[in-house]
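Student: Let me see the structure of the following:
(chains A, B and C)
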Amino acid sequence: MTETVKNTALFLGVAVLVVITGFMQSWNSAILIVNMGLISAIMAIGVNLQWGFAGLFNVGVMGFVALGGLAVVLVAEPLSPEAWSAGGFGIVLALLLGAATVVAAVLVSRHMPKGRGRNLAMLAVLVLGFVLYRAVFDPNVMAVEAINPAAAGNIGGLGLPVLLAWPAGGLLAAGAAWLIGKTALGLRSDYLAIATLGIAEIIIAVMKNEDWLARGVKNVIGLPRPVPYEIDLQNDAGFVESAASLGIDPVTASTLYVKLGYSVLFMVVLLVLLWMAQMALKSPWGRMMRAIRDNEVAAEAMGKDVTRRHLQIFVLGSAVCGIAGAMMTTLDGQLTPGTYQPLRFTFLIWVMVIVGGSGNNFGAVLGAMLIWFLWVQVEPLGLFLMQVITSGMAEGSALKSHLIDSAAHMRLLTMGIILLLVLRFSPRGLIPEK
Amino acid sequence: MSDNPYQDGRGNKDASITNTKGMGTMTPAHRKSGPTTKVDGGPFLIGDTMTGGYGKGPDILHECTIAVNPGEIAVIVGPNGAGKSTAMKAVFGMLDVRSGSVRLDGEDITKLTPQDRVVKGMGFVPQTNNIFTSMTVEENLEMGAFIRRDDIRETMEQVYDLFPILREKRYQAAGELSGGQRQQVAVGRALMTKPKVLMLDEPTAGVSPIVMDELFDRIIEVSRTGLPILMVEQNAKQALAIADKGYVLVQGRNAFTGTGKELLEDPEVRKSFLGG
Amino acid sequence: MEILNALVALSNFVLIPAIAYGSQLALGALGVTLIYGILRFSNFAHGDTMAFGAMITVLVTWWMQSHGIHLGPLPTALLALPFGILGCMALVLVTDRAVYRFYREQKAKPVILVIVSMGVMFIMNGLVRFIIGPNDQNFADGTRFLISARDFKKMTGLDEGLAIKTTQALTVVVAVICVALLFWFLNRTRTGKSMRAYSDNEDLALLSGINPERVVMYTWLIVAALATTAGVLYGLDKSFKPFVYFQLLLPIFASAIVGGLGSPLGAIAGGFVIAFSEVTVTYAWKKVLGYLAPEGMSPDGLLQLLSTDYKFAVSFVILLIVLLFKPTGLFKGKAV
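Tutor: Numbers count the residues shown, from 1 in each chain, chains lettered A, B, ... in the order given. Here you go, the predicted model:
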C-alpha cells in the first residue's frame, strides 16, 4: 500500500464516520461535526507550524483562539457612537498611557547604568504610569459600562462585514504573539511554554472582566452572520419549493443550508491555509526552519538568526489560531469568554496534532477531524457503554446512577488514552512527517 | 531527525518544561549484563585484541590490546583522534567490542554493563562532568561509595590523607573548586569504591602545568598502594615519564608498546609523537 | 491604636491568607521541581495528581465521618490524609510503570515526556471527574476558627478583628513539617543524596552504582505525598473542586520557575513570592490605609490595584519580571 493510498484511506475513514453519524443520528449533527472539525483543523495547522516545523511549545492556543473571537465582536458589532463619546476615547488614551509607561520603563532600563538608581527610576516610572493610567481609565470605563448595561455597556465594534473579522482575528493574535515571542524567546533560554500558558489565562481573564471591551461574562450574543438566517429561508417561497422538491421539510432544509454554507466558507479557508502551509514547508524558508529545528547549532553557525526565525513562525502559527478562533465565534454567533477552557482549546488541539502526525500538515488536518469526531461522539458512546455495563444492576442503585451520570467525563479519559497510545505505538502520528 | 522517534525532541530547548542539565549521555554497549566466565592467567586487567565501534557505526578500534598489573601505571598516548579515550571506553564497556575480550582479575567481563564493571571493581574517572557540582566534596565521596554497605569512614580518611585540600574543603560545593581540585574530587570519588583498578581519562586536561605535576605525584602515590592504574594522557612526555607501561595508539591500533622509558627513548616514537 | 488596627487588618486580609496560600503553592511547586530535577520534565499532570490525592482523602474522610470517626477540633481529613497519600502513591507508581518507564528506556527527549504528561493529565482529570464529579465537595469539619474575629476584638479591644481559620494554621504547620522532612531526607539520607546526585549528573550517578529506577520511584513517592498534602490543605482552606486544581497548575509552575526550577528552596520561596503578590495586588487597601492616613484624608476608592480575577495574571507578571532580571530564578535553578 503506497503512502498516498494509505492517507486517502485514512481521510475516507473519517468521512465514513461522519456519514454514519448522518444516517444514525442526524445530518445536522454530522455537518456540525464537520464544521467544528474544519475549524479545529485550522487550529491544528497553526500548532503544527509551531511545533511540527520549529519545535516551539505553545500551550496558550486558547488565548489566541479567544483573541480571534474578540476580533469578531470588535469588527462586526455595530458602531456605538454613544459609547465612544462617553468614554471610548478616554479608554484608548488610558491604554496608550499604559503602553507609554511600559515603553518608558524599558527605555530607562536600557539607557541608565545598572544599579539602584536605575531600579528606583524604573519603579517610579511604573508606579507613576500606573496611577495615571488608572486615573484616566476608571472613570471612562464606568461611563462606557453605564450605557444600556443590560444589552450593551461596551464600546461596540466597527460595524464591518463579519468575514473581515477573520483576518482581523489573525492580526490580533499575531500582535499578541509578537509581544509574547519578543519577551519569551529573547530570554537567555526560551521560556515559551510557561509564557504562553500564562498569557492565555491572562487573555481570558481580561475578556471576562473588562466589560467595556466585549461585555465580559455577560457575553455578546447575536453576532452578525456571513450566511442567511434560517427563519428568512423558511419564509422564502423559492427556498421552500426547492426543499420540497428534494423531499426535505423546510425547517431541516434551512438549518442544513445554513450549516453547509458555513462548511463551504470554512473549507475554502482551510484549503487556502493548507496550501499556504504546504508551500511554506517546501519553500527555502520552510527548509531552513526544519534545518534549524534539526540542528540549531549548525544553523546558527551558518549565520541563521534562530530567534528571529522562531519569532516569525510563532507569530504565523498564532495568527492561524486566531483566524480559527474568529471563525468559531462566527459559527457560534456569540462570544462567551466563560467557555474557554485550556483542556478543550489548548490541550485538545495538541492531541490532534500529535495523533495526526506532527510536522505534517495533512496529518494535522486528519488528526483534527478524527479527534473532534471522537470528542463529540465519545459522550453518547460512553453513555451507551455505561447503560450496557449497568444493565444488570438493580434499578435505582447508587452505583448505577453514578456511573450513568459520570459517563460524560469519559471524554477526557478517552482523549488521554488515545494520546498515550499514539505516542507509544505510533510516535510519529497517523501521517508521519516525510 | 533522529532514527528513534522518541528521541526526536524537534530541537525544543524550552527551559520552562525540559531540563537537559546533567542528563545522561552515556551510550553503554550493553543495556543488560550478560554472563561472565572464569579465565586463568594473563594480566590483572586486559583489553585483549579489541575490535569495535559505537552502536552500529564502523569499527574504531582494530585489534587493540591494553593491559595493566597491580602496582603499575599504564598510560595510553597517541595523536588526536587516535582512539585513546575510545580504547579506555572499550575496556569500560561503553563501546561495542565485536571481537576480542576484556578480562579483570581472572574473569571475562566483556558482556557486562559499565555499572556492573564498577561493582566488579573498576574505578572510572571520566574526562568531563566527573563530579557532582551541586554537592559538597564529602557528599561526592559518599556517593562514590554508594555501592558499599560497610563503614566508609576509613576509606574517606585515606582519600583525605591523599588529597589534604579536600579535607579542608569537605563542606564546600564541589562545583566551586578550582580545576585541579575538582580532578582530585573526581579521583577521590572513584577511590571510594575501593576499586581493584583505577581508570583515568585525561586527568590533567585543562589544568596548569604546576597542577599537572601535582596530580601526577598523587597518581604515583595511589599506584604505590598497589592499585593498578590505567590512564589516557594528552601530555605524552610527562605521562610516559611516570608510566611503567606505555601504549601508543594510532588510528585505533597499537603502534608501539613498551615501558615508559623504552618509549621515551625510542627514536621513532620521539620523532612522531613527542616532538623530537 | 490606629496603627495597631491597620496592622491587624493587614494581617487578617493579606498576611495570613497569603502565608496559607503560599504554603500550599510551595508544596505544589516542590513536587513540580522534584520531577523537573530528577525526571527532567515539567509535569502537566501535577495539578490533577493533587486533585486525585485530595479526592481519595475526601472519600476516606466521608467514610470516617459516616462511621463517627472524628478528630475533635481538627478536621477529620487529617486522619484520612495518609490514605490519600497511599492512594496517590499507588496511582503515580502505576502511571510510571505503565507510561513513563517506557520512555526512560527509550532515552526519550524530555519534551516528549512533557507531551506524555499531557496525556496523563487528561486521564487523571477524567478519572477524578468520573469518580467524584466536577462539582464542589465539602469535607472540612472540626472547629472552624482558631481565633475568631469577635473573640479577638473582645480580647484586645481593637476595632479590627483578626480571624485565623483552623485550616490556615494547620496548613502552615503541616507545610513546615513536610518541608523539614523533605530537606532532612534530601540532605541527610543516603537515598536523598542519591536523588540529588542523579539530578546533578546522571552518568556519574550510574557509575557510582546508583540505581536510576529506585531514584525515580522514590521521587514519585515523595511527589505523591507532597501533591496530596498540598491538595488536601488547599481543599480544606478553600474547597475541593477538580477544575480548580487544574487551574492551580499555572501559579504552581510560576512558583517553581520564579524560585529556580530544580531548586527545592527556590520552590518554597517562589510559592510565597507568588502568593504574596497575588494577594497584595488584588487586595483593596482602603481599610488599612484608612487607619494610617490622617483624619479626613482617608482614601475614597477601594485602592485595589487589580480585580481578584486577575490573580493568574499577577503570578505571570511576577514570573516575567524575575525571568527578565534573573533568568535562572531567584535560587539559581541548579539541579535539586
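
Student: Chain neighbours aside, what residue packs nearest to residue A:88?
Tutor: residue A:155 (4.7 Å; Cβ to Cβ, 6 or more residues apart in numbering or on different chains). (Glycine included, C-beta is placed from N, CA and C.)

Student: Can you show me the strands along chain B?
Tutor: Remark: strands assigned in chain B by DSSP state E are B:37-38, B:45-53, B:61-68, B:73-77, B:96-104, B:107-108, B:122-125, B:197-201, B:229-232, B:245-250, B:253-258.

Student: If you count neighbours, what's buried in the third one?
Tutor: Along strand B:61-68, the positions that meet the burial threshold by neighbour count (16 or more other Cβ atoms under 10 Å in any protein chain shown) are B:61, B:62, B:64, B:65, B:66, B:67, B:68.

Student: For the stretch 151-276 of chain B, which residue gets nearest to chain A?
Tutor: Of all residues in the stretch 151-276 of chain B, the one sitting closest to chain A is residue B:175 (19.0 Å; Cβ to the nearest Cβ).

Student: Next, count neighbours for residue A:120.
Tutor: 12 (other Cβ atoms under 10 Å in any protein chain shown).

Student: ok, the residue nearest to residue B:42 when sequence neighbours are not counted - how many residues close by?
Tutor: Excluding its sequence neighbours, the residue lying closest to residue B:42 (Cβ to Cβ, 6+ apart) is residue B:103, at 6.2 Å. As a burial measure, residue B:103 scores 23 neighbours (other Cβ under 10 Å).

Student: ok, residue B:103 touching residue B:49?
Tutor: No - assessed by Cβ atoms under 8 Å, residue B:103 is found out of contact with residue B:49, at 11.5 Å.

Student: tell me which parts of the stretch 151-300 of chain C are close to chain A?
Tutor: C:246, C:249, C:250, C:253, C:254, C:257 (Cβ under 8 Å from any Cβ of the partner chain).

Student: What about the residues you listed, which are in strands?
Tutor: Among those, no member falls in strands (DSSP E).

Student: So, low pLDDT: which residues of chain B?
Tutor: Flagging of chain B using pLDDT under 70 yields the residue ranges B:1-2, B:275-276.

Student: which residues of the stretch 51-200 of chain C fall in helices?
Tutor: C:77-95, C:101-105, C:110-132, C:149-156, C:166-188, C:190-200 (DSSP state H, counting those that start in this stretch).

Student: Run through the neighbouring helices and strands of the fifth one.
Tutor: Here helix C:166-188 is seen to pack against helix C:16-38, strand C:145-147, helix C:190-200, helix C:212-237, helix C:264-282 when contacts are counted using 3 or more Cβ pairs under 8 Å, 6 or more residues apart in numbering or on different chains; DSSP states H and E.

Student: for it, which positions count as buried?
Tutor: C:166-172, C:174-175, C:178-179, C:182, C:186.

Student: Secondary structure element holding residue A:270?
Tutor: Using DSSP states H and E, residue A:270 sits in helix A:250-282.

Student: about what we covered before: could I get the contacting residues of the residue nearest to residue B:42?
Tutor: The contact partners of residue B:103, taken as Cβ atoms under 8 Å, 6 or more residues apart in numbering or on different chains, are B:39, B:42, B:45, B:46, B:48, B:109, B:110.

Student: can you check residue A:83 too?
Tutor: A:144, A:147, A:152, A:154, A:155, A:156, A:212.

Student: what's the closest of those to chain B?
Tutor: residue A:212 (33.2 Å).

Student: Leaving aside the residues adjacent along the chain, what's closest to the closest one?
Tutor: residue A:144 (4.4 Å).

Student: what's the pLDDT at the one you found?
Tutor: Listed pLDDT for residue A:144 reads 90.

Student: Confirm it sits in a helix?
Tutor: Yes - per DSSP: H, G, I helix; E, B strand; the rest coil, residue A:144 lies within a helix segment.

Student: What parts of chain A come near chain B?
Tutor: Going by Cβ under 8 Å from any Cβ, the residues of chain A near chain B are A:51-52, A:54-57, A:189-195, A:292-296, A:358-359, A:427-428, A:433.

Student: Which ones among those residues map onto helices?
Tutor: A:54, A:192, A:193, A:194, A:195, A:292, A:293, A:294, A:296 (DSSP state H).

Student: Give me the residue ranges of the stretch 101-250 of chain A where confidence is low.
Tutor: Ranges of the stretch 101-250 of chain A meeting pLDDT under 70: A:187-189.

Student: any idea how chain B splits into domains?
Tutor: Annotated domains of chain B cover B:31-121+B:196-276, B:131-193 [automatic domain parsing].

Student: Which residues are in contact with the residue of the stretch 1-150 of chain A found nearest chain C?
Tutor: Closest approach of the stretch 1-150 of chain A to chain C (Cβ to the nearest Cβ) occurs at residue A:57, with a separation of 6.7 Å. Going by Cβ under 8 Å, 6+ apart, residue A:57 touches A:50, A:51, A:192, A:193, A:196, B:12, B:14, B:17, C:111, C:114.

Student: burial measure for the first one, as a count.
Tutor: Per other Cβ under 10 Å, the neighbour tally for residue A:50 reads 27.
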